[in-house]
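Engineer: coords please:
(chains A and B)
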Amino acid sequence: MSAVSPGPLASRMDILRFATAGSVDDGKSTLIGRLLYDSKSIFADQLEAVERTSRDRGEDYTNLALLTDGLRAEREQGITIDVAYRYFATPRRKFIIADTPGHIQYTRNMVTGASTADLAVVLVDARNGLTEQSRRHAFLTTLLRVPHMVLAVNKMDLVDYQAEVFERICEEFSAFATRLDIGDLTFVPISALHGDNVVDRSANMPWYDGPSLLHHLEHVHIASDRNLIDVRFPVQYVIRPQAATDAALHDYRGYAGQVAGGVLKPGDEVLHLPSGFTTKVRAVEWAGQPVAEAFAPMSVTLLLDDDVDISRGDMISRPNNRPAVAQDIEAMVCWMSSDQVLAKRSRLVVKHTSRTVKAIVTDLHYRIDVNTLHRDESATQLGLNEVGRVRLRLTQPIFCDPYARNRTTGGLILIDEATNATVGAAMITDAR
Amino acid sequence: MRPDYQLSQLDVLQAEAIHVMREVAAEFERPVLLFSGGKDSVVMLALAEQAFSPARIPFPVMHVDTGHNFPEVLEFRDRRVAELGVRLIVASVQDSIDAGRATEETGRHASRNRLQTVTLLDAIEEYRFDALFGGARRDEEKARAKERVFSFRDEFGQWDPKNQRPELWNLYNTRIRRGEHIRVFPLSNWTELDVWAYIEREELDLPGIYFAHQRPVFERDGLLLAENPYVTRGGDEPLFTATVRYRTVGDMTCTGAVASTAGTVAEVIAEVAATRITERGQTRADDRTSEAAMEDRKREGYF
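Structural biologist: Residues are numbered from 1 along each chain as shown, chains lettered A, B, ... in the order given. Down below sits the predicted model:
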């Protein structure tokens, strides 16, 4: 039950969440099929069903895309519409794949898949080199601050496994990447169809001395991607045992939430927002048991020394390291609604950590062309799948950080008050 | 010793599920947890206990009882609910049939599987539930692989797979209008193996039918079905005794047993890790109907 001493089976495995970007033509489904197949994560009955369907449709190969395209409309149209989540594990790691569609009309789905990803695999067809689409995928990956990126140059078999082709694409991408803020970038030449450099190193590309894709996925260091410095604990729920028969629980006040940053320990001095009171952590509980410390993404309960009036939507941090208490937010927005646009004076509901407030768009600075990165300052609105920089005025302050500093306290969703639809995602760049 | 602040995969999944449960308790007025006594709902209930400890679980649990359940599972359900002191609501498919809300299927493949949707939606309306926790996992089935953790249902209980709310980070849009509700799946990112690993780590109790036992069975469509009062065996379906266990728990009419000698959680884990067939493919007649069987049932309001 404790995070410090997990059970025997769980002892050395962690989780890597990765998003794949690229279209069917780039071989994305083949790559995922290959990873699942080679790690023995495709079951016999699933494969049989796919083979049967491929045959019924008159295809002369086993179409592995049928494994991931789960909706009837997707199978009928032969496209991926929505994010599909896939799971596989090796002895080192459990992997969660957010398989996202590549076409521009599904940008919002890619943004959704990238929001929780530790790593993004951007696929490029070796024959075509960088395309508008690969630039867009790379841009969205960095917009969502996915800490690690792999540019997988696929279909190397179709260019005779030539080092020059791979190197040319790497150079071209590196030049483009200087305009983006990519944390960690790795290039891997692969052939998903033949399995070159997917699970095992390929004998066809002796000039490549890097790891196979799976080896990289298994070994990439993600523990330090989390913010372990700035203590941020959004209060999600207050636990007060009602009708407690146990007298010891009579005064129990537990502040439940998921740690968004930093490390919390008993004895630590903490600051409560919005009150500004400071107190000390008396105990940290994880699944009902006391633990020595808590860090992201643990869902814990804090017991505090003083009886402060704390409720959902409040924030606990450190006295000398606190988030911005902001009512005016500068943010990059990805607009996700096809029914309406975002424009100056748009009224929205904002959900940020455990706090929900109303907002009005006070300015739209520019719209960014997701393919060319060109900023259009004459833009007056954002439509479906468009990205732009806006200024929001909130009815109440939120406790936030720049998204680049903390993906949890820096991200928010936009909701339409009339339809309750989620219409956008925003990444805070600056807050006052 | 300096800790490396590393969490195991189970810790991460547990943290995510607890976050989801607390979010529901904070933002909805009338949540309920669907509890069948099956392993996934057992895990869900354990997570709910951990999420709100030392307080009691702040919502009732509901079982949609087809009347065709394994008696061992019903017994387990009642015992577990009593231990936790939570309120159990039983929504009965038989009552729906008696009231003329649902019509019993006839014939050799008659099943109450689909009728559960009627009973479930009626119960949601009667109790005005606005959020229902379900134990479904995305690794189970490909329509489920596309479903959100917080999955919106309209006033008819329908799922619209092409019009799902984008779901980013751990921010869940919980806003609904009266009559609509959200199905919430805290175990979305768990696999069958994760569920078993968690059962082992937390030493959770399960109904006995999950472990190897002797049982009179007969074979139908490649499945081993238990001899039971709700299914009429054909002359070509002889009864024999086999050592089996159940990989999933559903109706006696459509849930198949697997030949197994796994008598402990550790032995089950070894078996699950080595298997080459999905749990639903191996044990559920209801999913074999068509390529889109699950998607179609989910659209109508199924679990």
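Engineer: so what's the residue count around residue A:178?
Structural biologist: The number of residues packed near residue A:178 is 8, by other C-beta atoms under 10 Å in any protein chain shown. The C-beta positions use only the backbone N, C-alpha and C, and glycine is treated the same way.
Engineer: just checking, residue B:97 touches residue B:105?
Structural biologist: No: judged on C-beta atoms under 8 Å, residue B:97 makes no contact with residue B:105 at a distance of 10.4 Å.
Engineer: tell me, what's touching those two both at once?
Structural biologist: Residues touching both residue B:97 and residue B:105 by C-beta atoms under 8 Å, 6 or more residues apart in numbering or on different chains: residue B:115.
Engineer: comparing these two, which shows the higher neighbour count?
Structural biologist: Higher neighbour count among residue B:97 and residue B:105: residue B:97, with 17 against 13, using other C-beta under 10 Å.
Engineer: tell me who's in contact with the more buried one.
Structural biologist: Neighbours of residue B:97 in contact, by C-beta under 8 Å, 6+ apart: B:103, B:104, B:115.
Engineer: can I have the buried ones of those as a PyMOL selection?
Structural biologist: The buried residues among these can be selected in PyMOL (16 or more other C-beta atoms under 10 Å in any protein chain shown) with this line:
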select buried, chain B and resi 115
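Engineer: any idea which helix is longest in the chain?
Structural biologist: Unless you meant another one, I'm taking chain A. Once chain A is assigned using DSSP state H, the helix that runs over the most residues is helix A:163-177.
Engineer: I was after chain B.
Structural biologist: Ranked by residue count and defined by DSSP H, the top helix of chain B is helix B:9-27.
Engineer: and that helix, how far from the chain's centre?
Structural biologist: Here the centre of helix B:9-27 is set off from its chain's centre by 18 Å, with C-alpha atoms, centre = their mean, to the nearest Å.
Engineer: likewise stretch A:196-216?
Structural biologist: With C-alpha atoms, centre = their mean, you get 26 Å for stretch A:196-216.
Engineer: could you give the average pLDDT over that stretch?
Structural biologist: Averaging pLDDT along stretch A:196-216 yields 95.
Engineer: can I assume residue A:326 is in contact with residue A:398?
Structural biologist: Yes: here residue A:326 reaches residue A:398: they are 6.2 Å apart, a contact under C-beta under 8 Å.
Engineer: who has more neighbours out of these two?
Structural biologist: With neighbours defined as other C-beta under 10 Å, residue A:326 and residue A:398 compare such that residue A:398 has more, 28 against 19.
Engineer: check which helix or strand that one maps to.
Structural biologist: With elements taken from DSSP states H and E, the one containing residue A:398 is strand A:387-400.
Engineer: just give me the residue closest to the centre of the chain.
Structural biologist: Because you didn't say which chain, this covers chain A. With distances taken as C-alpha atoms, centre = their mean, residue A:116 lies nearest the centre of chain A, 2.0 Å away.
Engineer: what sits against that one?
Structural biologist: A:17, A:98, B:168, B:169, B:170.
Engineer: can you pick out the most distant pair from those?
Structural biologist: Longest distance between any two of these is 14.1 Å, between A:98 and B:170; criterion C-beta to C-beta.
Engineer: on that earlier part again, gap between the longest helix of chain A and the chain center?
Structural biologist: 26 Å.
Engineer: check which element follows that helix along the chain.
Structural biologist: Going down the chain from helix A:163-177, the next helix or strand is strand A:184-189, by DSSP H and E.
Engineer: contacts for that next one next, please.
Structural biologist: With contact meaning C-beta under 8 Å, 6+ apart, strand A:184-189 is reached by A:126, A:147-153, A:156, A:161, A:166, A:169-170, A:173-174, A:177, A:196-197, A:205, A:208, A:210-213, A:216, A:220.
Engineer: buried among these? Need that as a selection in ChimeraX.
Structural biologist: To isolate in ChimeraX the members of the contacts of strand A:184-189 that are buried, counting by 16+ other C-beta under 10 Å, one can use:
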select /A:126,147,148,149,150,151,152,153,156,161,166,169,170,173,177,196,197,205,208,211,212,213,216,220
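Engineer: narrow the contacts of strand A:184-189 to those in strands?
Structural biologist: Using DSSP state E, A:148, A:149, A:150, A:151, A:152, A:153 are the members of the contacts of strand A:184-189 that sit in strands.
Engineer: how about these in TSV, adding pLDDT and distance to residue B:13?
Structural biologist: Listed next are the ones in strands among the contacts of strand A:184-189 as TSV, based on pLDDT from 0 to 100; distance: C-beta to C-beta, whole Å:
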residue	pLDDT	distance to residue B:13
A:148	97	21
A:149	96	25
A:150	97	24
A:151	96	30
A:152	96	27
A:153	96	33
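Engineer: which residues of the stretch 151-300 of chain A fall in helices?
Structural biologist: Taking DSSP state H, counting those that start in this stretch as the test, the helices found in the stretch 151-300 of chain A are A:163-177, A:213-219.
Engineer: now for these, which one comes closest to chain B?
Structural biologist: With respect to chain B, and counting by C-beta to the nearest C-beta, the nearest of the helices of the stretch 151-300 of chain A is helix A:213-219 at 13.3 Å.
Engineer: go through that closest one and flag the buried ones.
Structural biologist: A:213, A:214, A:215, A:216, A:217.
Engineer: also stretch A:342-354?
Structural biologist: A:342, A:346, A:348, A:349, A:350, A:351, A:352, A:353, A:354.
Engineer: residue ranges with poor pLDDT in the chain?
Structural biologist: In the absence of a named chain, chain A is used. Along chain A, segments meeting pLDDT under 70 span A:1-12, A:23-24, A:60-81, A:243-245.
Engineer: switch to chain B, please.
Structural biologist: Within chain B, the stretches with pLDDT under 70 are B:1-3, B:284-292.
Engineer: which residue lies nearest the spatial centre of it?
Structural biologist: Geometric middle of chain B (C-alpha atoms, centre = their mean) lands on residue B:135, at 4.7 Å.
Engineer: please name the residues that touch that residue.
Structural biologist: Listed by C-beta under 8 Å, 6+ apart, the contact set of residue B:135 reads B:34, B:36, B:38, B:40, B:41, B:43, B:44, B:185, B:187.
Engineer: between the residues you listed, which sits nearest residue B:78?
Structural biologist: Set against residue B:78, the nearest of those by C-beta to C-beta is residue B:36 (12.4 Å).
Engineer: excluding its backbone neighbours, what's nearest the closest one?
Structural biologist: Nearest non-adjacent residue to residue B:36, counting by C-beta to C-beta, 6 or more residues apart in numbering or on different chains: residue B:63, 5.9 Å away.
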